[in-house]
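> could you work out the structure for the sequence below:
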Amino acid sequence: MAKLMQLEIVTPDKSLLKLDDVSYVLAETVMGPIGILANHAPLIGTLLEAPLKYRCEDGKDRFIFVDAGFMEVNNNKVTILSAAAENAEAIDVRRAEAAEARALKHIEKPDPTVDLEVIGRNLRRARGRLKTVSLARGNR
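Below you'll find the model as predicted:
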């Protein structure tokens, strides 16, 4: 039997996920990717707009898009706090592709009235969603 831990993903409007049978978590932090196994040392990390991968006791990898936020690892529990998060299956690919195209258009032809920092964040969010779907479908 694999060593297991808890995983909880919380957004301001819902608790997206709460599991007790997770064997592995892979998160994209501002310092780079970090893999978490059971009994990991305590840590707090800042997350990017990116896929979060987790593996349950059944050995199957699952993916959730995390819209930045924070991760805490303590007492065999991984807690993710994010402004928004969604399961790969719930992501609207056409909407994410359209958001990516809009952001790229603004970057290619900057408008002085548009905040490029916001556009960059929108681009990262769109690409994070698309990568989450791609990973979930096995298109690494």
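> and A99, how far from E72?
Between A99 and E72 the distance is 29 Å, computed by C-beta to C-beta, to the nearest Å. To be clear about C-beta, it is placed using only N, CA and C from the backbone, and glycine gets the same treatment.
> then G32?
For G32 relative to E72 (C-beta to C-beta), the value is 18 Å.
> returning to that earlier point: more neighbours: which of A99 and E72?
A99 (18 against 15; other C-beta atoms under 10 Å).
> just the helices in this structure please.
Listed in chain order, the helices found in the chain under DSSP state H are 93-108, 116-136.
> so which of the ones you listed comes closest to L26?
helix 116-136 (10.1 Å; C-beta to C-beta).
> packing partners of the closest one?
In this structure, helix 116-136 makes packing contacts with strand 43-56, strand 61-74, helix 93-108, judged by 3 or more C-beta pairs under 8 Å, 6 or more residues apart in numbering; DSSP states H and E.
> kindly reformat these as CSV containing mean pLDDT.
Shown next, in CSV, are those (pLDDT from 0 to 100):
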stretch, mean pLDDT
strand 43-56, 96
strand 61-74, 96
helix 93-108, 94
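> now those as TSV including distance to D21?
As requested, those are exported to TSV (distance: least, C-beta to C-beta, whole Å):
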stretch	distance to D21
strand 43-56	5
strand 61-74	12
helix 93-108	29
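> what's the closest of the ones you listed to L16?
Distances from L16 to each of these were compared using C-beta to C-beta; the shortest belongs to strand 61-74, at 7.1 Å.
> just give me how far the closest one sits from the chain centre.
Its chain's average C-alpha position is 5 Å from that of strand 61-74, according to C-alpha atoms, centre = their mean, to the nearest Å.
> name every strand pairing with it and say which way it goes.
Strand 61-74 pairs in its sheet with strand 43-56 (antiparallel), strand 77-81 (antiparallel), strand 85-87 (antiparallel), by DSSP bridges.
> to what extent is V66 buried, counted in neighbours?
28.
> now the most centrally placed residue in the chain: how far from T11?
In the chain, the centroid-proximal residue (C-alpha atoms, centre = their mean) is V66; its distance is 2.8 Å. Applying C-beta to C-beta, the value for V66 to T11 is 9 Å.
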